[in-house]
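**Student:** turn this into a structure:
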Amino acid sequence: MLLKTIIALSACVVASGAAAVPEEKPKVLTAQKIYHTLIEESPFIVDKTTTVVWTKGPSISPTATATVAA
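**Tutor:** Residues are numbered from 1 along each chain as shown. Next up is the predicted model:
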């Protein structure tokens, strides 16, 4: 009888410990690429940027599209 009680208590402790794992929030990451480009008016060489934003998380999701800012 004591063995069954010990096993039942052990199972409850293990189950409650497994359920207490905190869920991590996804982390949003941003990268900017700055590059020179030529245009037909003065100053002829300007800087343009490309910004990429993605979410680092535990699950797989569709990829985000990059946005280009002039």
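
**Student:** quick one, strands of this structure?
**Tutor:** Remark: strands assigned in the chain by DSSP state E are 27-38, 45-56, 67-69.

**Student:** just these: most buried one?
**Tutor:** strand 45-56 (a mean of 12; mean count of other C-beta atoms under 10 Å). All C-beta spots, glycine's among them, are computed from the backbone N, C-alpha and C.

**Student:** what mean pLDDT does that one have?
**Tutor:** Strand 45-56 carries an average pLDDT of 91.

**Student:** just to revisit the earlier point, now the strands of the chain in JSON lines, with distance to Ile6?
**Tutor:** Output for those, formatted as JSON lines (distance: least, C-beta to C-beta, whole Å):
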{"stretch": "strand 27-38", "distance to Ile6": "42"}
{"stretch": "strand 45-56", "distance to Ile6": "43"}
{"stretch": "strand 67-69", "distance to Ile6": "60"}
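
**Student:** give me the low-pLDDT residue ranges for this protein?
**Tutor:** 1, 12-23, 58-70 (pLDDT under 70).
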